[in-house]
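Engineer: Sequence and computational prediction follow.
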Amino acid sequence: MRAKSPKPLFRDTAIAAARAGGKVLLRYFTKKFRVDYKGEVNLVTEADRRAEAVIVSTLHRHFPDHQVLAEESGEGTRRASPYKWIIDPLDGTTNFAHTFPMFCISIALETRGEVVLGVVYDPLREEIFLAEKGRGAALSGRPIRVSQTEKLNGSLLVTGFAYDVREDMKNNLDHFGNFSLRAQGVRRTGSAALDLCYVACGRLDGFWEMKLAPWDTAAGFLIATEAGAMVTDFKGQPYTIYLKEIVASNGRIHREMVEVLRLGQPH
């Protein structure tokens, strides 16, 4: 019997890890659990930690030498492998803590500075968004593409706010106001990973946010780009997961989005 080639094993293991983490989250959802504060409005729950432990354990069972960068435990012991798993065990923690049904697990694989695999799993809706570099994106096995909306005026956008929104004047409220006056609608889901996936599958036309970490965007970035999205920084320059600002769109409204973002930049 021939051994599996690495790429399918990466994909299958990431999906298995996401599903395992999802089972943990569903056991805690709507039940009482411990909530700690990393800041005044920045939460971490017992569910975050338990899900992360299960995800990392599943990945290391198959790839014990791979590096891991996870939201709650940070970057573990530095390993020699060129592969790094980037994990958000619960994207949408505040939603989860309030039993608001919008959260997910995000798992990406980076090698030599390039994200090559992305899995975002919504356990409540049983939706798995998946992308492999150069192979397109899918939702629960069906290929997905970005929307065809041509103008910002007819678009549905989404954004989010950083945890320091009360302390820092650079808090996205100016951009939110500017886009609200120019788009058909603006939403705020509380999950950057799902926001990127919703752009990827055409449910939303564009997304922007600031002060994000690699685990917030790594998987969603690949899924969006493989579905045909344009993803840049606020100035329209190429995006990497280690930048703090991101704007993603169906491509057709991207120039308009960047122009609106410029309105909020200091002159």
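Structural biologist: Received it, and whenever you're ready, just let me know what you need.
Engineer: From the contact counts, what lies against the helix ranked longest in the chain?
Structural biologist: With DSSP state H setting the assignment, residue counts place helix 6-28 as the longest helix in the chain. Using 3 or more C-beta pairs under 8 Å, 6 or more residues apart in numbering; DSSP states H and E as the contact criterion, the elements in contact with helix 6-28 are helix 46-62, strand 83-91, strand 104-111, strand 114-122, strand 127-132. C-betas here are computed from N, CA, C, even on glycine.
Engineer: Pipe the ones you listed into a markdown table and attach distance to Ile241 per row.
Structural biologist: Shown next, in a markdown table, are those (distance: least, C-beta to C-beta, whole Å):
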| stretch | distance to Ile241 |
| --- | --- |
| helix 46-62 | 18 |
| strand 83-91 | 7 |
| strand 104-111 | 8 |
| strand 114-122 | 6 |
| strand 127-132 | 14 |
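Engineer: Now render those as JSON lines, adding distance to Arg166, mean pLDDT and mean neighbour count.
Structural biologist: Output for the helices and strands packed on helix 6-28, formatted as JSON lines (distance: least, C-beta to C-beta, whole Å; pLDDT from 0 to 100; neighbours: other C-beta atoms under 10 Å):
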{"stretch": "helix 46-62", "distance to Arg166": "22", "mean pLDDT": "94", "mean neighbour count": "19"}
{"stretch": "strand 83-91", "distance to Arg166": "21", "mean pLDDT": "97", "mean neighbour count": "27"}
{"stretch": "strand 104-111", "distance to Arg166": "25", "mean pLDDT": "98", "mean neighbour count": "27"}
{"stretch": "strand 114-122", "distance to Arg166": "28", "mean pLDDT": "98", "mean neighbour count": "24"}
{"stretch": "strand 127-132", "distance to Arg166": "32", "mean pLDDT": "98", "mean neighbour count": "24"}
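Engineer: picking up where we left off before, just the C-alpha atoms of the longest helix of the chain, please, in CSV.
Structural biologist: What follows is helix 6-28, C-alpha atoms only, in CSV (Å, rounded to 0.1, in the frame of the first residue of the first chain):
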residue,chain,number,x,y,z
PRO,A,6,2.2,15.1,1.9
LYS,A,7,-0.4,17.5,0.4
PRO,A,8,-3.5,15.3,0.9
LEU,A,9,-2.2,14.4,4.4
PHE,A,10,-1.8,18.1,5.3
ARG,A,11,-5.4,18.8,4.1
ASP,A,12,-7.0,15.8,5.7
THR,A,13,-5.2,16.4,9.0
ALA,A,14,-6.2,20.1,9.1
ILE,A,15,-9.8,19.2,8.5
ALA,A,16,-9.7,16.5,11.2
ALA,A,17,-8.2,19.0,13.6
ALA,A,18,-10.8,21.6,12.8
ARG,A,19,-13.6,19.1,13.3
ALA,A,20,-12.1,17.9,16.6
GLY,A,21,-11.8,21.5,17.8
GLY,A,22,-15.4,22.1,16.7
LYS,A,23,-16.7,19.3,18.9
VAL,A,24,-15.0,20.9,21.9
LEU,A,25,-16.6,24.3,21.1
LEU,A,26,-20.1,22.8,20.7
ARG,A,27,-19.8,21.1,24.1
TYR,A,28,-19.2,24.4,25.7
